[in-house]
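Undergrad: Give the three-dimensional model of this entry:
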Amino acid sequence: LADPLFTDAMYEQFMTAAREAEVAVRNAEIRRLVHLLPTAHQATLEFMCRHLLRVTQHEATNMMGPQNVAIVFGPTLLRCSTSTPEAILRDSSYQSSVIEQILSNLDWFLADAL
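TA: Prediction:
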């Protein structure tokens, strides 16, 4: 992919959605945004998340449940190419939150997306 997985153009929209206090509204907006990603990005997101879910199935051994996986991979999967160090620190918990929500409800987030 030439652009980050969640695309630079949509990064701020994902961060705005992640800051939404009401979970149902937040998840609905993240889902809407996932559906707006280019098809190749959606397919890559599904592949990556299904792999990460396989990692979480071994949480008793590897200590990598959905939250830990999201903390590690959130800033990598959902990043902005032009972020400043301050923005990176500010957004890291929101990046992780988006990834954790997607991992926790992957089929719902991707339903009818491709």
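Undergrad: Would you enumerate the residues in contact with residue 79?
TA: Residues in contact with residue 79 (CB atoms under 8 Å, 6 or more residues apart in numbering) are 4, 6, 11, 88, 95. For glycine as for every other residue, the C-beta is placed from the backbone atoms N, C-alpha and C.
Undergrad: Helix, strand, or coil at it?
TA: coil (DSSP: H, G, I helix; E, B strand; the rest coil).
Undergrad: and it, how far is that from residue 27?
TA: From residue 79 across to residue 27, the span is 21 Å (CB to CB, to the nearest Å).
Undergrad: Check residue 62 too.
TA: 27 Å.
Undergrad: So which of those two has more stuff around it?
TA: residue 27 (19 against 12; other CB atoms under 10 Å).
Undergrad: Would you check that the more buried one makes contact with residue 101?
TA: Yes: applying CB atoms under 8 Å as the test, residue 27 and residue 101 come out as touching, 5.9 Å apart.
Undergrad: Give the intersection of the neighbour lists for the two.
TA: residue 109.
Undergrad: Residue 36: neighbouring residues, count only.
TA: Residue 36 has 14 nearby residues by other CB under 10 Å.
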